[in-house]
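>>> Take this sequence and fold it.
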Amino acid sequence: MEKSQLSSIIGMQLKDIIHVGVIDFEENIGEITTFHTHLFLEVNKLFLKLESVEQYSKLKVSFNSDVDFSFDFDIEEDMSFCKYSAANIYFDSTLAENYISSVALYEPLFYDKSLACDAMEVVLDNNQCVFFDPKNLFGIKVGDSKLKDVFLMHNNINSIINL
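Below you'll find the model as predicted:
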């Protein structure tokens, strides 16, 4: 993915942050288990797929046409894949239009169809910071500028690309 491809989302609306996982029914009660290793950002009609890779040390970013459930494991027969809209958890205001004003990539590596980085920061037009840190025990942690501050305190960052 070229830097210009990712920078094309600047000015677009971040509509949702989507968790994916499975739903398991026991006694007619559904239990949702999300995979924190995969997230999707809905930007206009595009989806940015975020994956925690390299043993939870890098964030892989790629464009997708939709939310996909292509995982390298099988689920039990009585389970189904599911997605969960988490915008109301992460956005300061779900009534705001949440246009992307900037994106920062920490220690980025660009590949043909994707990129990998140590973390990614998305700043919205209301100055809200949405920070994605893949270096957590169970996958990608999503937070605000406080998470960013903790990340910077514990990681030696030499390269930041601002889009």
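>>> Pretty sure Gly143 sits against Val122.
No: applying CB atoms under 8 Å as the test, Gly143 and Val122 come out as separate, 11.7 Å apart. All C-beta spots, glycine's among them, are computed from the backbone N, C-alpha and C.
>>> Overlap in contacts, these two.
When contacts are counted by CB atoms under 8 Å, 6 or more residues apart in numbering, the set common to Gly143 and Val122 consists of Val130, Phe131.
>>> would you put the C-alpha positions of the lowest-mean-pLDDT helix or strand in the chain in PDB?
Here the helix or strand of the chain ranked lowest by mean pLDDT, DSSP states H and E is helix 3-7, holding a mean of 84. Output of helix 3-7 as PDB, limited to C-alpha atoms (Å, rounded to 0.1, in the frame of the first residue of the first chain):
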ATOM      1  CA  LYS A   3       1.200   6.300   1.500                       C
ATOM      2  CA  SER A   4      -1.000   8.200  -0.900                       C
ATOM      3  CA  GLN A   5      -3.600   5.400  -0.800                       C
ATOM      4  CA  LEU A   6      -4.000   5.700   2.900                       C
ATOM      5  CA  SER A   7      -3.900   9.500   2.800                       C
END
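>>> Direction included, what does the longest strand seen in the chain pair up with?
In the chain, taking DSSP state E as the definition, the longest strand is strand 29-43. Here strand 29-43 is paired, per DSSP bridges, with strand 14-26 (antiparallel), strand 46-53 (antiparallel).
>>> Do a quick rundown of the helices in this protein.
3-7, 87-90, 145-154 (DSSP state H).
>>> can you tell me which of those comes nearest to Asp112?
helix 3-7 (11.0 Å; CB to CB).
>>> and the closest one, how far out from the chain's middle?
16 Å (CA atoms, centre = their mean, to the nearest Å).
>>> if we can go back for a sec, distance to Gly30 added to the helices of the chain, as JSON lines?
Listed next are the helices of the chain as JSON lines, based on distance: least, CB to CB, whole Å:
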{"stretch": "helix 3-7", "distance to Gly30": "36"}
{"stretch": "helix 87-90", "distance to Gly30": "19"}
{"stretch": "helix 145-154", "distance to Gly30": "30"}
